[in-house]
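> Predicted model, plus sequence, below.
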Amino acid sequence: MEKINYSSYALRLHSFQNQIGFENLKSEFLEKLGKISADGIVIVGMGGSGAAARLIQGSCEVLRLPFDIHISKFPKISAHPFKRPFFIFVSFSGETKEVLEAYNSTKEPKAIVSGGGKLLALALQNKIPYVSYTTKELTARECLGYNYYSIIKVLSSLKGISPTLSLPSINTKSIENLGESIANKIKNKKTVLIYTEEPFLHIGYIWKIVLNETAKQNAFLGSFPEISHNEIEALQTNGKEVAIVWIGNSKNKIVQKKRTGIISVLKTKKIDSVIIPFSGKTEEEQMWKSVLLAHFTSLSLAKLKHVKPEETPFINQLKVKGAL
């Protein structure tokens with residue numbers, strides 16, 4: 001059996017604290033943004049790069065951003081309701097075709113967030129405001145902190161924008177141990193269903209994609225209580241092959257009661273549930289702890305399945321074939 005190095009991936013996760021904040025980010029030309037008054041933000045990004053945009057979008061209220069975030073994942077910018085949009089193009093590699101095409105078809109004002117490649121070269125060549133970081137051995141999904149705070153740095157440069165941040169300090173060792181425990185609970189399941197309330201879908205989405213890419217695990221995301229009106233019915237026929245992971249702890253007592261009732265019924269059908277409440281003093285800390293828990297759970301599951309956590313061979317094959 002091939003020997004796989006899991007320790008280097010774990011070490012990178014343990015160094016995630018380096019991604020929280022602005023210290024390890026490089027930027028230029030942001031002073032150009034000081035007079036721009038936007039009524040909305042359009043962020044263009046795919047895969048792990050686009051996932052950071054989801055976190056920003058889901059954190060608008062916590063960050064106290066005075067506008068909405070629209071995410072576009074097409075070469076042509078998708079329809080948005082803004083009259084004075086500001087565009088941010090995010091690409092970990094700087095080579096993402098959809099992002100490059102969208103950038104080339106969009107007029108200013110705009111900014112770039114990238115770890116290098118053609119996109120960063122365009123920023124330097126045209127003196128477009130940008131924020132960059134050193135990718136080293138990281139994958140795009142491991143750079144959520146860099147991309148998140150890079151976008152925040154751009155937004156902070158716009159006229160009248162001062163996002164509220166707590167910049168938490170996180171103990172990753174306890175999170176790693178919990179991740180191992182969760183992985184052991186879901187290791188024999190063909191499918192993992194991530195269920196969370198609508199306000200936390202941005203965090204649930206990270207769980208889904210990290211399980212997909214790192215652990216090569218079928219994982220899907222659903223919104224509670226909406227799932228109790230449709231897909232829960234299908235679990236009667238294939239529930240034994242499924243694990244349900246419940247993310248977050250509701251502040252709504254009615255929702256809490258409904259979730260408890262559903263978990264109770266699922267138990268009678270021998271369908272496993274894993275409940276993962278948020279922990280942390282601030283919502284920013286809760287978000288990053290859950291994101292890191294998704295990573296450590298997925299890494300532990302990759303070990304149990306003996307798969308390579310960094311590599312995504314099928315996605316790479318699609319890129320070679322021109323399908324991505």
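Good, I have the coordinates.

> which other helices and strands contact the host helix or strand of residue 112?
Element membership for residue 112 (DSSP states H and E) is strand 110-114. Packing partners of strand 110-114 (3 or more CB pairs under 8 Å, 6 or more residues apart in numbering; DSSP states H and E): strand 85-91, helix 117-126, strand 130-132, helix 144-156. Just so you know, the C-beta spots here come from the backbone N, C-alpha and C atoms, and that holds for glycine as well.

> ok, the residue in the chain sticking out farthest from the centre to residue 261 distance?
Each residue of the chain has a distance to the centre, and by CA atoms, centre = their mean the biggest one is for residue 268: 33.3 Å. Distance from residue 268 to residue 261, counting by CB to CB, to the nearest Å: 11 Å.

> for residue 160, same thing?
46 Å.

> Tell me which of the helices and strands packed on strand 110-114 approaches residue 237 most closely.
Relative to residue 237, the nearest member of the helices and strands packed on strand 110-114 by CB to CB is helix 144-156, separated by 35.7 Å.

> Buried residues, the closest one. List them.
For helix 144-156, burial by neighbour count (16 or more other CB atoms under 10 Å) applies to 144-155.

> repeat for stretch 194-211
So for stretch 194-211, counting by 16+ other CB under 10 Å, buried means 194-197, 200-211.

> swap in stretch 302-321?
302-303, 309-310, 312.

> ditto for stretch 97-108
98-100, 102-103, 106.

> Give me the subset of those that lies in strands.
Counting by DSSP state E, no part of the buried residues of stretch 97-108 is found in strands.

> Considering the residues you listed, which is situated nearest to residue 230?
Nearest to residue 230 among those, with distances taken as CB to CB, is residue 98, at 30.7 Å.

> ok, now how distant is residue 7 from residue 48?
Following CB to CB, the distance that separates residue 7 from residue 48 is 22 Å.

> Could you double-check that residue 94 sits in contact with residue 124?
No. Between residue 94 and residue 124 there is no contact under CB atoms under 8 Å: 11.0 Å.

> Can you list which of the buried residues of stretch 194-211 are found in strands?
194-197.

> can you put the residues you listed in CSV and add pLDDT?
Supplementary listing: these in CSV, determined by pLDDT from 0 to 100:
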residue, pLDDT
194, 97
195, 95
196, 95
197, 93
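
> ok, back up a step: list the strands paired with the strand holding residue 112, with their directions.
As defined by DSSP bridges, the strand partners of strand 110-114 come to strand 85-91 (parallel), strand 130-132 (parallel).

> Please state the offset of it from the chain centre?
Averaged C-alpha coordinates place strand 110-114 at 18 Å from its chain's average position (CA atoms, centre = their mean, to the nearest Å).

> can you check stretch 16-31 too?
18 Å.

> Take it, keep the C-alpha atoms, and write them as CSV.
Listed next in CSV are the C-alpha coordinates belonging to stretch 16-31 (Å, rounded to 0.1, in the frame of the first residue of the first chain):
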residue,chain,number,x,y,z
PHE,A,16,-3.9,28.6,10.1
GLN,A,17,-3.5,31.4,12.7
ASN,A,18,-1.0,33.0,10.2
GLN,A,19,-3.9,33.6,7.9
ILE,A,20,-6.1,35.5,10.4
GLY,A,21,-5.6,39.2,9.9
PHE,A,22,-3.5,41.3,7.4
GLU,A,23,0.1,40.8,8.5
ASN,A,24,1.0,38.3,5.8
LEU,A,25,-0.8,40.0,3.0
LYS,A,26,0.9,42.2,0.3
SER,A,27,-1.0,45.0,-1.4
GLU,A,28,-0.5,47.9,-3.9
PHE,A,29,-2.6,50.7,-5.4
LEU,A,30,-5.4,50.4,-2.8
GLU,A,31,-5.2,54.1,-2.2
